[in-house]
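> sequence plus predicted model, see below.
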Amino acid sequence: MNQRIAIALIAIATLTRLLPHPHNFTPLGAIALFGAAYYGRQYLMLLVPFAALFLSDLFINNVIYAEFQQGQFVWITSAWIYLSFALVMAVGKGWLGNKITPVRVLGASLSGSLVFFLVSNFSTWLESAMYAKNMAGLLACYTAGIPFFGNTIMGDLVFSAALFGSYAWLTRKQEIMA
């Protein structure tokens with residue numbers, strides 16, 4: 001793998017978090033899948049995507065949304081988001097392994113979207129006072145999250161296509177030129 005190309009693509013995708021976008025239309029799921037697919041060394045598979053998430057979160061939470069933090073520096077918004085990110089990486093490793101095809105990327109992307117939806121909405125139900133702490137409350141929380149789920153799916157699909165497609169094209173072009 002050409003690590004410079006992969007790191008550059010992850011950096012570019014991460015920067016898109018700073019652009020105006022619909023809720024949940026982000027590159028995070030795609031970055032998790034991409035990192036799991038292309039970094040053979042376990043520490044890099046975890047380090048590069050998590051660093052992208054963490055550093056962009058620091059900027060977003062403490063610069064863009066600073067007015068909502070009541071003067072507090074925020075290191076991590078939600079451990080649940082990081083858990084879902086790790087689970088999406090596991091999905092990527094399981095679905096993609098060493099055989100990356102468009103169909104496998106599609107399946108991993110859709111599965112990753114579902115994992116994020118389930119974990120993030122479960123955390124909202126568990127930690128907020130908005131929903132009753134029973135099955136009806138949990139179902140109400142998942143129902144309320146459905147409109148955001150479409151954006152998660154679209155973001156994961158678009159950014160997965162961009163990351164995996166760009167990487168394939170750039171590495172093939174590099175091989176031809178060598």
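Here it is on my side, so go on. Residues are numbered from 1 along each chain as shown.
> for residue 73, phi and psi?
phi -80, psi 130 (degrees, to the nearest 10).
> spit out the contact partners of it.
The contact partners of residue 73, by CB atoms under 8 Å, 6 or more residues apart in numbering, come to residue 62. (C-beta placed from N, C-alpha, C; glycine too.)
> tell me the spacing between it and residue 57.
12 Å (CB to CB, to the nearest Å).
> just checking, residue 13 touches residue 32?
No - in this structure residue 13 lies outside contact range of residue 32 using CB atoms under 8 Å: 10.8 Å.
> so if I had to pick from these two, which one is more boxed in?
residue 32 (31 against 23; other CB atoms under 10 Å).
> out of everything not next to it in sequence, what's closest to the more buried one?
residue 88 (4.0 Å; CB to CB, 6 or more residues apart in numbering).
> mind pulling up the pLDDT for the one you found?
With respect to pLDDT, residue 88 has a value of 95.
> report how many residues lie close to it.
Around residue 88 there are 29 residues (other CB under 10 Å).
> helices or strands next to the helix or strand of the chain with the lowest mean pLDDT in the packing?
When the helices and strands of the chain are scored by mean pLDDT, DSSP states H and E, helix 42-59 comes last with a mean of 84. When contacts are defined as 3 or more CB pairs under 8 Å, 6 or more residues apart in numbering; DSSP states H and E, helix 42-59 packs onto helix 3-15, helix 28-38, helix 79-96.
> pull the residues that contact it.
The list of residues contacting helix 42-59 from outside it, by CB under 8 Å, 6+ apart, reads 3, 6-7, 10-11, 13-15, 17-18, 28, 31-32, 34-36, 39, 74-77, 81-82, 85-86, 89, 93.
> on that earlier part again, I figured the residue nearest to residue 32 hits residue 29, correct?
Yes - look at residue 88 against residue 29 with CB under 8 Å: they come within range, at 5.4 Å.
> joint contacts of those two?
Common neighbours of residue 88 and residue 29 (CB under 8 Å, 6+ apart) are 112, 116.
> follow-up on the earlier one: report the distance from the least confident helix or strand of the chain to the chain centre.
10 Å (CA atoms, centre = their mean, to the nearest Å).
> before we move on, what about stretch 164-174?
Its chain's C-alpha centre and that of stretch 164-174 lie 21 Å apart, by CA atoms, centre = their mean.
> which residues touch it?
1, 2, 5, 6, 9, 30, 34, 37, 38, 100, 102, 105.
> quick check: the farthest pair among the residues you listed?
Largest separation among the contacts of stretch 164-174 by CB to CB: 2 and 102, giving 20.0 Å.
> buried subset of the contacts of stretch 164-174, written for ChimeraX?
Applying 16 or more other CB atoms under 10 Å to those, the buried members can be selected in ChimeraX as follows:
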select :5,6,9,30,34,37,38,100,105
